[in-house]
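Participant: need a 3D model of the sequence below.
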Amino acid sequence: MVYRGWKLHIMIIAFVACLAAAFGVQRLAYSHRVAAPLEQEFLRLEGVTGVSLADEGDRTDVILHVEPDTDVPKVYREAQRLGRTTLGASMGEVRLVDRRTPELTAAFYALHLALHEGAATGRFTLMERQLEAVLPELPVDDARFFVDDRYVYVVLVHGDAYLYELIARPETGTGARGPGA
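Facilitator: A predicted model of the protein is given here:
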């Protein structure tokens, strides 16, 4: 098709190619100027072995690979702080990658009612007694539970497999909120 001496299909193909090149250059610049330095900052956190950024609409999630013997609550809080500082309002949530197995998942579900009840009520000594009663029956080599004003952190380990779970506590008068807050 020709319009005023110009071949429209050639013009459309050239426009699409230029647009694709512009988006590619923009993505490459973002990767080198923003994403790579930010990933390096997260890798400096103790126990973090890998990091990736995932765009979720207008928010960016930080995905961390963390060793199971790491102080998970400390790393999680530092990652949230670093993400809020560098990404600002576009900070999504911090996600921890684990190597869970069906056995560890089943072990978590055997514990999850006591964990959720403890998180909801704040009765952590009762939660601890309930967990101690069930844990010897589960295929778990190591089980660690941490509590702060926002979450109950769960780390279960069996052999080379490990599971991380964060159970949000209800909002308190201290302004605590859920993930990415």
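Participant: any low-confidence regions in this structure?
Facilitator: Counting by pLDDT under 70, the chain contains low-confidence residues at 1-6, 18-36, 172-181.
Participant: if you set the cut-off to 80 instead, what comes out?
Facilitator: 1-38, 171-181 (pLDDT under 80).
Participant: please enumerate the helices of this structure.
Facilitator: Remark: helices assigned in the chain by DSSP state H are 8-30, 36-43, 72-87, 102-121, 124-134.
Participant: check which helices and strands the third one is in contact with.
Facilitator: Spelled out, that is helix 72-87. Helix 72-87 makes packing contacts with helix 36-43, strand 59-66, strand 91-97, strand 142-147, strand 151-158 when contacts are defined by 3 or more CB pairs under 8 Å, 6 or more residues apart in numbering; DSSP states H and E. (C-beta placed from N, C-alpha, C; glycine too.)
Participant: compile these into TSV and extend it with columns for distance to Ile167 and mean neighbour count.
Facilitator: Shown next, in TSV, are the helices and strands packed on helix 72-87 (distance: least, CB to CB, whole Å; neighbours: other CB atoms under 10 Å):
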stretch	distance to Ile167	mean neighbour count
helix 36-43	23	14
strand 59-66	17	19
strand 91-97	13	19
strand 142-147	10	16
strand 151-158	4	21
